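*Asks:* kindly generate the corresponding structure for this input.
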Amino acid sequence: MATNLRNGEVAIAQSGASERAISGQLIASDEVIELNSIDPFAHIRVLVSHRERLLPQLVPGLLSFLGANSLIEVRGAAVMETLN
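*Replies:* Now for the predicted structure:
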């Protein structure tokens, strides 16, 4: 179940990154990475989105007993479009 929830969160993070990379409307948790090359015309910006979610407690106390982390952290990435 945890893997399924994580995969769903990855899809949401990736979708959000793609949408915001096209629109240019970022949110506070987004990170923009500038990739500069030798070519002055090849300036690339990559948007990295971050999402966190707590796992639901199916068996109360099980995660803390196992020493497991109940937080899912995922990222999505997309190349930002240049606005003309």
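*Asks:* in this protein, which strand has the most residues?
*Replies:* Determined from DSSP state E, the single longest strand within the chain is strand 44-54.
*Asks:* what's it in contact with?
*Replies:* 5, 9, 12-14, 16-17, 20-21, 26-27, 29-35, 37, 70-80 (Cβ atoms under 8 Å, 6 or more residues apart in numbering). Quick note: C-beta positions are derived from backbone N, CA and C, even for glycine.
*Asks:* low-confidence regions, the chain specifically.
*Replies:* Applying pLDDT under 70 to the chain picks out residues 40-41, 62-64, 66-69, 83-84.
*Asks:* need the CA coordinates for stretch 5-16. PDB is fine.
*Replies:* What follows is stretch 5-16 as a C-alpha-only set of coordinates in PDB (Å, rounded to 0.1, in the frame of the first residue of the first chain):
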ATOM      1  CA  LEU A   5       0.600   5.700  -2.400                       C
ATOM      2  CA  ARG A   6       4.200   6.800  -3.200                       C
ATOM      3  CA  ASN A   7       3.600   6.200  -6.900                       C
ATOM      4  CA  GLY A   8       0.500   8.300  -6.800                       C
ATOM      5  CA  GLU A   9       2.300  11.100  -5.100                       C
ATOM      6  CA  VAL A  10       5.100  10.900  -7.700                       C
ATOM      7  CA  ALA A  11       2.500  11.300 -10.500                       C
ATOM      8  CA  ILE A  12       1.000  14.300  -8.800                       C
ATOM      9  CA  ALA A  13       4.400  15.900  -8.200                       C
ATOM     10  CA  GLN A  14       5.400  15.300 -11.800                       C
ATOM     11  CA  SER A  15       2.200  16.700 -13.200                       C
ATOM     12  CA  GLY A  16       2.500  19.800 -11.000                       C
END
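*Asks:* flag every buried residue along that stretch.
*Replies:* In terms of neighbour count (16 or more other Cβ atoms under 10 Å), stretch 5-16 has its buried residues at 9, 13-14, 16.
*Asks:* about what we covered before: quick one: buried ones out of the contacts of strand 44-54?
*Replies:* Of these, these count as buried by 16+ other Cβ under 10 Å: 9, 13-14, 16-17, 20-21, 30, 72, 74, 76, 78, 80.
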